[in-house]
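S.K.: next input, structure requested:
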Amino acid sequence: MSKRIGILTSGGDAPGLNAVIRGAVLTAQNRYGWQVVGILKGFDGLSAGVPPVPLGEKDVRELLARGGTILGAANRGSPFAHPVEGPNGKIEYEDVSHLALSRMVEFGIDALIVAGGDGTMAIADRLVQLGAAVVGVPKTIDNDLGSTDTTFGFDTAINTATEALDKLQTTAESHHRVMVLEVMGRDAGWIALHAGVAGGADAILIPEIPFDIDIVCQKIRQAQLSGRHHSLIVVAEGAAPLNGQQQYRAKGEGRIGARLGGIGHIVGNLLAECVNAEVRVTVLGHVQRGGQPTPHDRWLATRFGSAAVHLVAQEKWGYMVALQGNAVTAVKMKDAIKMKFVDPNGETIMMARDLGIVFG
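M.R.: I've put the predicted structure just below:
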């Protein structure tokens, strides 16, 4: 039976999203002979009735190495909490999920593939409960989505962060400086941990392990006494000191509305007070989200996009594709929504400590 599949990308962008689109379109056409249309601007575009764009082989042929998403994404768009201006000028939120469902019918969309993180999967799962035919693809550079070993975009992000550490190391060595690099990750320390180990950091500060700045200072002093007068410190944006709180660049309503950031400069200032060296802070920011995806992320995203179409064929609504071991499988969205954190007592942390890396 012929189907017309819609695909949308939601939440923050991640390298590999276009490869997902390409994998889904080519599989739908070559394996099943189905049509695919792209939903522009994520769930916001769907609810607003933005006409979808047809996607064929010629439209996706050159997408593998392209960063971002050709469909666009609404980072905080949810049909269950659509912002509108109230009578007093304040922003209020209303449920327009019925519009999202009616647009699927209006556009003749038999099933919807959504690529996103935990917020996107939560929205998709609620739409499924209302009767929508939806399957999911896990996407986040933070690698914090449950039920999948890894997400596409993560490998590119840690490559970007590691390259930054490599460059900071040479200038740190030249000027005998302590270099602090703040990376993304929200409430999970995966990017900081992987990049920190790969980049030879002296200290890695992550949300899962509250830090004592004195331990970091002691590590730097030990390096100086041994004759090495430069150090690299990696700080995850969600890291916090013992008995302290996370730092935010912007406060917002809920976890999605708030923007973490600023802890790198706080750590830099604290280090400048306790070590005899110049301290410089670099905030990597959205550079981690941009650029060409690595071959690993292109491979994984392509597998995910293709597997999502097979889920549609099996009518496994409410399921998300996932990588478990070397196999791509299917898990329930409601299970994937659970966050995945670095285990403070896990093998990777123990290995890093064995290398002499401190976590504060």
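S.K.: center of this structure - which residue?
M.R.: residue 140 (2.3 Å; CA atoms, centre = their mean).
S.K.: hmm, residue 181 and residue 279 touching each other?
M.R.: No - if you go by CB atoms under 8 Å, residue 279 and residue 181 don't touch, sitting 11.8 Å apart. To be clear about C-beta, it is placed using only N, CA and C from the backbone, and glycine gets the same treatment.
S.K.: count the neighbours of the residue lying closest to residue 133 once chain neighbours are set aside for me.
M.R.: What sits nearest to residue 133 in space, not counting adjacent residues and going by CB to CB, 6 or more residues apart in numbering, is residue 111, at 4.3 Å. Residue 111 has 23 neighbouring residues, counting by other CB atoms under 10 Å.
S.K.: please verify my assumption that residue 111 contacts residue 2.
M.R.: No - Residue 111 is beyond contact range of residue 2, at 12.0 Å (criterion: CB under 8 Å).
S.K.: any low-confidence regions in the stretch 101-250 of the chain?
M.R.: 250 (pLDDT under 70).
S.K.: please enumerate the helices of it.
M.R.: Under the criterion DSSP state H, counting those that start in this stretch, helices of the stretch 101-250 of the chain are mapped to 118-129, 154-175, 190-198, 213-225.
S.K.: closest one to residue 22 among the ones you listed?
M.R.: In terms of CB to CB, the element of the helices of the stretch 101-250 of the chain nearest to residue 22 is helix 154-175, at 16.1 Å.
S.K.: ok, residue 214 touching residue 273?
M.R.: No - contact between residue 214 and residue 273 fails when scored by CB under 8 Å: they sit 10.9 Å apart.
S.K.: higher neighbour count, the two?
M.R.: Taking other CB under 10 Å, residue 214 and residue 273 do not tie; residue 214 has more neighbours (12 against 9).
S.K.: give the contact list for the more buried one.
M.R.: residue 274 (CB atoms under 8 Å, 6 or more residues apart in numbering).
S.K.: try 6 Å
M.R.: By CB atoms under 6 Å, 6 or more residues apart in numbering, no residues touch residue 214.
S.K.: so how far is residue 242 from it?
M.R.: 10 Å (CB to CB, to the nearest Å).
S.K.: same question, residue 303
M.R.: Remark: distance between residue 303 and residue 242 (CB to CB) = 41 Å.
S.K.: of those two, which one has the most company?
M.R.: Higher neighbour count among residue 303 and residue 242: residue 303, with 18 against 12, using other CB under 10 Å.
S.K.: wait, the more buried one touches residue 328, no?
M.R.: Yes - the criterion here is CB atoms under 6 Å, and residue 303 meets it with residue 328 at 5.2 Å.
S.K.: contacting residues for residue 352?
M.R.: So residue 352 contacts residue 197 (CB under 6 Å, 6+ apart).
S.K.: distance of it from residue 18?
M.R.: Distance, residue 352 to residue 18, using CB to CB: 33 Å.
S.K.: would you work out how far apart the start and end of stretch 2-19 are?
M.R.: For stretch 2-19, the first and last residues are 24 Å from each other (CA to CA, to the nearest Å).
S.K.: list the buried residues of it.
M.R.: Buried residues in stretch 2-19, counted by 16 or more other CB atoms under 10 Å: 3-19.
S.K.: those in strands, which ones?
M.R.: If you go by DSSP state E, those have 4, 5, 6, 7, 8, 9 in strands.
S.K.: closest one of those to residue 94?
M.R.: Nearest to residue 94, judged by CB to CB, of these is residue 8 at 20.4 Å.
S.K.: name the helix or strand for the closest residue to residue 31 other than its chain neighbours, please.
M.R.: Among residues not flanking residue 31 along the chain, residue 309 sits closest, at 7.1 Å (CB to CB, 6+ apart). With elements taken from DSSP states H and E, the one containing residue 309 is helix 295-314.
S.K.: that helix: which residues count as buried?
M.R.: 297-312.
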